[in-house]
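Enquirer: Dropping a prediction and its sequence here:
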Amino acid sequence: MCGISGFNWNDEALIRAMTDSIEHRGPDQQGHFCSDEMSLGFRRLSIIDLSENGRQPMFNEDKTVALVFNGEIYNFQELRKELKDKGHVFGSKADSEVIIHGYEEWGTEVMHRLRGMFAFGLYDMPRKRLLLVRDRIGIK
């Protein structure tokens, strides 16, 4: 099970300490992102895309949307195909990447298209918008 952490200010030392404290949730990789107004951390237990391409935080192509994600999107292959047909280019095989491209395509409506068990934080830098989302039943 992966682990996510974050807060709405820039403190790289604190986000690293928080992420280190949840190492047991994801021993395979760790990642951090800090901007002027946001810090996100991630511990990864690799399941679907075991390569570096599935590393988190995950970003869109121009690095304006950052995502930390835990869980599984059951319908990610259908969403991925729909988004590819609309011209989106994927850099990984991870189910989490459909959230980023879905957000770019549908905005916050992407949440209503996701089927699965999940929790994520998505930060849209140009809009200074942080979305904290979990599955409808609250499994994650």
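Expert: The structure has been received and is ready for your questions.
Enquirer: got a list of what the nearest residue to Arg115 once chain neighbours are set aside touches?
Expert: Excluding the flanking residues, the one nearest Arg115 by Cβ to Cβ, 6 or more residues apart in numbering is Asn75, at 4.4 Å. C-beta coordinates here come from the backbone N, C-alpha and C atoms, glycine included. If a contact means Cβ atoms under 8 Å, 6 or more residues apart in numbering, then Asn75 has 113-116 as its contacts.
Enquirer: same question, Ile15
Expert: 5-7, 32, 34, 39-41.
Enquirer: make it 7 Å
Expert: 5, 32, 34, 39, 41 (Cβ atoms under 7 Å, 6 or more residues apart in numbering).
Enquirer: now swap in Arg55 and tell me
Expert: Counted by Cβ under 7 Å, 6+ apart, Arg55 has contacts 29, 31.
Enquirer: Please tell me how far it sits from Val110.
Expert: Here Arg55 is placed at a distance of 21 Å from Val110 (Cβ to Cβ, to the nearest Å).
Enquirer: if we can go back for a sec, roughly how far apart are the residue nearest to Arg115 and Val110?
Expert: Applying Cβ to Cβ to Asn75 and Val110 gives a distance of 12 Å.
Enquirer: Touching both of those two, which residues are there?
Expert: By Cβ under 7 Å, 6+ apart, no residue touches both Asn75 and Val110.
Enquirer: Angles on the backbone of the residue sitting furthest away from the middle of the chain, please.
Expert: Distance from the C-alpha centroid of the chain peaks at Asp85, with 21.9 Å (Cα atoms, centre = their mean). Dihedral pair for Asp85: phi -60, psi -20, per degrees, to the nearest 10.
Enquirer: any weak-confidence spans in the protein?
Expert: 1, 46-51, 140 (pLDDT under 70).
Enquirer: 90 - rerun?
Expert: Counting by pLDDT under 90, the chain has low-confidence residues at 1-3, 22-30, 44-56, 136-140.
Enquirer: Any quick PyMOL command for the buried ones out of the contacts of Asn75?
Expert: This is the PyMOL syntax for the buried subset of these, where burial follows 16 or more other Cβ atoms under 10 Å:
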select buried, resi 113+114
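Enquirer: Thanks a lot, catch you later.
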